[in-house]
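Peer 1: Sequence plus the predicted model coming up.
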Amino acid sequence: MNKDELKSLLSAVQDGSLSVDDALLKIKIEPFEDLGFAKIDTHRGVRQGAGEVIYGAGKTSEQILKICQKMLDGGEKSVLVTRLSAESADYLKQHISLTYDEVSKIAVAGEMPTAKRVGNIVIATGGTSDIPVAEEAAQTAEFYGNNVKRLYDVGVSGVHRLLDNAHILADARVVIAVAGMEGALASVVGGMVDCPVIAVPTSVGYGANFKGLSALLSMLNSCASGVTVVNIDNGFGAGYTASMINKMG
C-alpha cells in the first residue's frame with residue numbers, strides 16, 4: 001500500500017463506501033506478508049514513498065518470482081529487482097512481465113514506470129569498467145522518476161575529458177561519481193560543482209586496490225566539501241539517495 005492508496009482508503013471511509021472496521025482490517029494486514037522465506041514490507045511505500053526493492057543475489061529464481069508475484073498482486077504496479085542474474089531473469093520472464101538489463105543486472109517486474117522525470121542527476125565514471133555499477137545507479141534513479149545524464153570514462157588519468165564536460169556538471173542537482181582504482185574522481189568532481197556529490201567506490205583495480213577498499217578510503221578521506229560515500233559497488237544506494245535529494249526541491 002502506497003500513500004495514494006492509503007488516502008483512497010481513508011476517503012472511502014469518509015464518504016461511507018467503506019466501513020471503519022473493513023478499513024481497519026485492510027490496514028492491520030498490510031504491515032508485512034509472511035512467505036516463510038521472506039517477509040515482504042508492504043507498508044514501505046507509506047513510510048518512505050517507495051515500495052520495497054528486491055535484492056536478487058543469493059535468492060533462488062523461485063523465491064524472487066514468489067516475492068514479485070505477491071507484491072504485484074498486492075497492488076504494486078512496478079517492482080524493482082537489483083543484482084538479478086541472467087538465468088533468473090530468463091526464468092521470471094516465463095511467468096511475469098519483466099524488463100531486464102544485462103549490464104546493470106537491474107530488472108523491473110510489472111509495468112515500466114511512466115511518470116514524468118524531473119530534475120537533473122549526472123552520473124560520471126572514472127572508466128568504462130565502472131559502467132555496470134554506474135548503470136545500476138542510473139537505472140535506479142530513472143525508475144524513481146529522475147532525469148539522468150551519463151558521463152562515462154572521464155577519469156583523472158585524462159582529466160581534460162572531465163573538464164570538457166564542466167557545463168554538464170555545473171547544471172546538475174546531484175552528481176554521482178563512480179570510480180575504482182584510487183577513487184580520485186569524486187574529489188575532483190567535488191571541487192567543481194555546487195551540489196551534493198555521491199561517491200561510489202568500485203571493485204575495479206589491481207591487487208592493492210583490495211577489491212575497492214582503496215577507492216573507498218580515498219573517497220571517505222576526500223578534502224572536497226559536499227562529498228558523501230556509499231559502499232563498494234553500491235550503485236543502487238547511490239541512485240536511490242540521489243533521487244531523494246533531487247526531488248527535495
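Peer 2: On my side now, so go ahead. The shown structure was predicted, so the numbers you read here are calculated from the model rather than taken from an experiment.

Peer 1: For the chain, just list every one of the helices.
Peer 2: 3-15, 20-28, 44-48, 61-73, 86-93, 131-143, 160-163, 166-170, 185-190, 213-220, 235-246 (DSSP state H).

Peer 1: Nearest to residue 201, out of these?
Peer 2: When those are ranked by distance to residue 201, counting by CB to CB, first place goes to helix 213-220 at 3.5 Å. To be clear about C-beta, it is placed using only N, CA and C from the backbone, and glycine gets the same treatment.

Peer 1: what about the closest one, average pLDDT?
Peer 2: Throughout helix 213-220, pLDDT has a mean value of 96.

Peer 1: low-scoring stretches of this protein, by residue?
Peer 2: For the chain, the stretches with pLDDT under 70 are 1-3, 25-51, 249.

Peer 1: Quick check, residue 196 in contact with residue 228.
Peer 2: Yes: the pair formed by residue 196 and residue 228 meets the contact definition of CB atoms under 8 Å, at 6.8 Å.

Peer 1: Distance check, residue 9 against residue 21.
Peer 2: Using CB to CB, to the nearest Å, we find residue 9 at a distance of 13 Å from residue 21.

Peer 1: More neighbours: which of those two?
Peer 2: When neighbours are counted by other CB atoms under 10 Å, residue 9 comes out ahead of the other of residue 9 and residue 21, with 17 against 9.

Peer 1: The more buried one against residue 18, yeah?
Peer 2: Yes: the criterion here is CB under 8 Å, and residue 9 meets it with residue 18 at 7.0 Å.

Peer 1: re the thing from before, TSV for the helices of the chain, including distance to residue 121?
Peer 2: Listed next are these as TSV, based on distance: least, CB to CB, whole Å:
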stretch	distance to residue 121
helix 3-15	23
helix 20-28	35
helix 44-48	19
helix 61-73	26
helix 86-93	25
helix 131-143	5
helix 160-163	17
helix 166-170	11
helix 185-190	13
helix 213-220	18
helix 235-246	5
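
Peer 1: who wins for proximity to residue 110 among the ones you listed?
Peer 2: helix 61-73 (5.1 Å).

Peer 1: angle of that closest one against helix 86-93?
Peer 2: Angle, helix 61-73 to helix 86-93, by axes from the mean of the first three to the mean of the last three CA atoms, to 10 degrees: 40 degrees.
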